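> pasting the sequence and the predicted model now:
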Amino acid sequence: MKILFIHQNFPAQFQHLAADLAQETGNQVVALGLNGGVATPGVAPPGVTLRRYQLLRTAGADTHPLLAEQETHVRYAEACAACAMQLQRDGFTPDVIYAHPGWGEALFIKDVFPHARLLIYCEYYYALEGQDVGFDPSLPPLSLPERWRLRLRNSTNLLSMELADAALSPTRWQRNTYPAWARDKISVIHDGVDCERLRFKPDARLALPLAQGGMRSFQPGDEVVSYVARHLEPMRGFQVFMRALPDLLQRRPQAHVIVAGGEACGYGHAAPGGASWKEHMLAEVGEHIDLGRVHFTGQLAPAQYLDLLSISRVHAYWSVPFVLSWSFLEAALSGLPVIASATAPVLEFAARLDVPTVPFFDAAAFADALAERCAAGPQGPRALRHLPDTDLAQCLARQRQWLGAS
């Protein structure tokens, strides 16, 4: 087959499937990604040809504010279609196109390749209530223009769904965020987790600078509590985590906390006063915690992140009702004890992975659970956990069957 992947930040969720398909003799696998996207040049899996598309025009100065996001999606769709036309001129016409539709890239692709089957990755459908919006009672309700903007945000999702021959979501909860009438078109198959890379490493080390100067090297057996998120923000419970630290560190005087994540504003709202959420929460609780035992690493390199999973004694994870982080499943499947928020995306997997959950906003309950696990002492070598619906080999087999049959 000739397969075309489209993802602004390729390879992202297509990492394993694209690599697997490219290894099969006779397949030709090409991917389109945004020039200047999150991914860096050279990250395409072996055998995958990555082309990058460039936006052809800037945003209009007089665009209606409620249509700014839709205009951006059209600009991405136009640029992606132009890149696809160049592929066509170069002699590549795909049998199957598998696209992430969230930024608009799938909108015009069937006009370039009308005979290709279009498959889309359904990551999330926004809602005015019952999911991430309105989850935090401390936030004011959406204004009418904010509600209208959120309604319009789904327009790209809806049009892409209408164009697609089939669709896929990685979890049941994500599939169920879509309207009931759309779900029959959406299969549920996880991206797959490569558990071999998560095996416990007794020689893992992570050297971090100390606030008072010098370095501290952490290793398995140390009393380390870990927290990992792409961005330190309320969508991933960062504010609750920070509020749990004074109690936790007082009860566990030898414990160190390693916090991995960037400080940019991520999925949710910005912190007050133009500060980062790290700065905002340190202003709130900093004087009540020993900052010599709380280590902010920024975003870790993949090898450092894997070392952290082996070093940590317990991992803390939060998510509002939103897309589940890869780090939750990776930490739990690695055998690392995890304490997580009792929210719907987590609960889909928590019981089967023996992950205790506590209410999202209950910082005291989180401190109790984390302190109790720290007090249990080091685990020693950990056995990988197995979950059939996230097993990489099984997920790839199901994805390949779906891709060929859709």
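Received, thanks.
> find the centremost residue of the chain, please.
residue 325 (4.4 Å; CA atoms, centre = their mean).
> give me the element residue 216 is part of.
strand 215-218 (DSSP states H and E).
> what about the strands in the stretch 251-400 of the chain?
Along the stretch 251-400 of the chain, the segments classed as strands by DSSP state E, counting those that start in this stretch run 256-262, 294-298, 314-317, 338-341, 357-358.
> in CSV, list the ones you listed along with mean pLDDT.
Output for the strands of the stretch 251-400 of the chain, formatted as CSV (pLDDT from 0 to 100):
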stretch, mean pLDDT
strand 256-262, 97
strand 294-298, 96
strand 314-317, 98
strand 338-341, 98
strand 357-358, 98
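> for residue 208, find the nearest of the ones you listed.
Nearest to residue 208 among those is strand 294-298; the distance by CB to CB comes to 4.8 Å. Where C-beta positions appear, they are placed from N, C-alpha and C, glycine not excepted.
> pLDDT value on residue 405, please?
pLDDT, residue 405: 79.
> tell me, how many residues neighbour it?
Applying other CB atoms under 10 Å, we find 8 other residues in the vicinity of residue 405.
> same check, this time on residue 294
Using other CB under 10 Å, residue 294 has 21 other residues around it.
> right, and it touches residue 245 too?
Yes - if you go by CB atoms under 8 Å, residue 294 and residue 245 touch, sitting 6.6 Å apart.
> what touches both of the two?
residue 257 (CB atoms under 8 Å, 6 or more residues apart in numbering).
> all strands of the stretch 1-150 of the chain, in order?
Shown for the stretch 1-150 of the chain, the strands assigned by DSSP E, counting those that start in this stretch span residues 2-6, 28-34, 48-53, 96-99, 117-121.
> contacts made by the longest helix along the chain with the rest, please.
Using DSSP state H, we find that the single longest helix of the chain is helix 68-89. Applying CB under 8 Å, 6+ apart, the contact partners of helix 68-89 are 4, 6, 8, 30, 32, 34, 51-57, 59-60, 63, 103-109, 111-113, 149, 152-153, 155-156.
> from those residues, list the buried ones, please.
Neighbour counting by 16 or more other CB atoms under 10 Å classes 4, 6, 8, 30, 32, 34, 51-53, 55, 103-109, 112-113, 149, 156 among the contacts of helix 68-89 as buried.
> thinking residue 388 is in contact with residue 394, fair?
Yes - applying CB under 8 Å, one finds residue 388 in contact with residue 394, separated by 5.8 Å.
> between these two, who's got more neighbours?
Applying other CB under 10 Å to residue 388 and residue 394 shows that residue 394 carries more neighbours, namely 15 against 9.
> what's the span of stretch 285-297 from first residue to last?
End-to-end span of stretch 285-297 (CA to CA, to the nearest Å): 19 Å.
> cool, and stretch 11-19?
9 Å.
> over to stretch 315-327?
Chord length of stretch 315-327, first to last residue, is 10 Å (CA to CA).
> just how off-centre is it within its chain?
Centroid separation between stretch 315-327 and its chain, computed with CA atoms, centre = their mean, to the nearest Å, is 8 Å.
> ok so, going back, CSV for the strands of the stretch 1-150 of the chain, including mean pLDDT and distance to residue 287?
Below are those laid out as CSV (pLDDT from 0 to 100; distance: least, CB to CB, whole Å):
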stretch, mean pLDDT, distance to residue 287
strand 2-6, 98, 49
strand 28-34, 97, 43
strand 48-53, 96, 47
strand 96-99, 98, 49
strand 117-121, 98, 45
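> and those as JSON lines, adding distance to residue 398?
Converted to JSON lines, the strands of the stretch 1-150 of the chain look like this (distance: least, CB to CB, whole Å):
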{"stretch": "strand 2-6", "distance to residue 398": "16"}
{"stretch": "strand 28-34", "distance to residue 398": "18"}
{"stretch": "strand 48-53", "distance to residue 398": "20"}
{"stretch": "strand 96-99", "distance to residue 398": "14"}
{"stretch": "strand 117-121", "distance to residue 398": "13"}
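> who does residue 207 form a beta bridge with?
On the basis of DSSP bridges, residue 207 is bridged to residue 217.
> right, and it touches residue 217 too?
Yes - counting by CB under 8 Å, residue 207 touches residue 217, with 4.5 Å between them.
> contacts for stretch 16-28, please.
Taking CB under 8 Å, 6+ apart as the rule, stretch 16-28 contacts 1-3, 5, 10-11, 29, 31, 44-48, 92, 98, 191-192, 194, 392, 395-396, 399-400, 403.
> mind listing what's buried along it?
Going by neighbour count (16+ other CB under 10 Å), the buried part of stretch 16-28 is 16, 17, 18, 19, 20, 21, 22, 28.
> between the strands of the stretch 1-150 of the chain, which gets nearest to residue 250?
Per CB to CB, nearest to residue 250 of these: strand 117-121, 44.7 Å.
> mind listing what that closest one pairs with, with the direction of each?
Sheet pairing of strand 117-121 (DSSP bridges) gives strand 96-99 (parallel), strand 166-169 (parallel).
> contacting residues around the first one?
Which is strand 96-99. Residues outside strand 96-99 that contact it (CB under 8 Å, 6+ apart) are 1-7, 14, 17, 105-106, 109-110, 113, 116-121, 160, 403.
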